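Peer 1: Predicted model follows, preceded by the sequence.
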Amino acid sequence: MKNIAVILSGCGVFDGTEIHESVFTLLEIEKKGASYQCFAPDIEQAQVINHITGKPMDEVRNVLVESARIARGNVKDVKYANARDFDALIFPGGFGAAKNLSDFATAGADCQVNNDVLNFSQSMVKDGKPIGFICISPAMIPVIYGRGAKGTIGNDADSAKAIEGMGGVHVECPVSEFVVDDERKIVSTPAYMLAGNMMEAQDGIKKLVLKVLELS
């Protein structure tokens, strides 16, 4: 049975993991007969957002603790993730990927990725294992892989420009499809960067998970 690592970034689209995207990802992994383990960095969230008003709240929350809401408690500190234990890695989206796993939301083309997330990701790359990136998480691709790595966030011009500025190659992609960098075993799909409903988001994610498993 293939074992997939899934890195979460909190709980909630505006300050953590996009919940629908993460659930679709985990469900598709199970439906394809594979297993998964969720991870998250044990750090404070960059922001806490009121998901009714969309405004920041004066609270402090922990990314690992919040991610446990999605994982039903079964989430581990990514610091202790070992590439030898996994066949592939998937990043669901949500602004937590751009605020907590990285600082893309504020730094743009000067983006850096959390050290523990970066170390584990690059260990997977070194071992030749595929990584799937959903929604805004492909913004981390150039940092993880270096110049020339290919991915998509759909067709958002500003995000695409920042990714290109980091040395990545952005490919426009409809919500129902995905982009593959065959040389590097990178798979990415826009999901809620473009999706207008859950069915649209699920369509691309379903295809991404299947492709990641095929490459693993």
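Peer 2: That came in fine, so what should we check first?
Peer 1: contacts, neighbours, all on C-alpha from now
Peer 2: OK.
Peer 1: Which residue comes closest to Ser35 once chain neighbours are left out?
Peer 2: Using CA to CA, 6 or more residues apart in numbering and skipping residues adjacent in sequence, the residue nearest Ser35 is Asn3, 4.8 Å away.
Peer 1: Can you mark which positions in stretch 8-25 are buried?
Peer 2: Applying a neighbour-count criterion of 16 or more other CA atoms under 10 Å, the buried positions in stretch 8-25 are 8-22, 24-25.
Peer 1: hmm, who's touching it?
Peer 2: Stretch 8-25 has contacts (CA atoms under 8 Å, 6 or more residues apart in numbering) with 38-41, 45-49, 51, 54, 62-67, 69-70, 91-97, 99-101, 134, 191-192, 198, 201-202, 205-206, 209.
Peer 1: Among the residues you listed, which ones are in helices?
Peer 2: With helices defined by DSSP state H, the entries of the contacts of stretch 8-25 inside them are 63-67, 69-70, 96-97, 99, 198, 201-202, 205-206, 209.
Peer 1: tell me what the one helix or strand in the chain whose mean pLDDT sits lowest is packed against?
Peer 2: For the chain, the helix or strand with the lowest mean confidence is helix 157-165, at a mean of 92 (criterion: mean pLDDT, DSSP states H and E). For helix 157-165, the contact count by 3 or more CA pairs under 8 Å, 6 or more residues apart in numbering; DSSP states H and E identifies strand 169-170 as packing neighbours.
Peer 1: What pairs with the strand it packs on, parallel or antiparallel?
Peer 2: Using DSSP bridges, strand 169-170 pairs in its sheet with strand 150-151 (parallel).
Peer 1: contacting residues around the strand it pairs with?
Peer 2: By CA under 8 Å, 6+ apart, the list of residues contacting strand 150-151 from outside reads Pro138, Ile141, Gly168, Val169, His170, Val171, Val179, Val180, Asp181, Ile186, Val187, Ser188.
Peer 1: give the contact list for the residue of the chain most remote from its centre.
Peer 2: For the chain, the C-alpha farthest from the mean C-alpha position belongs to Asp58; by CA atoms, centre = their mean, that distance is 26.1 Å. For Asp58, the contacting residues are Val48, by CA under 8 Å, 6+ apart.
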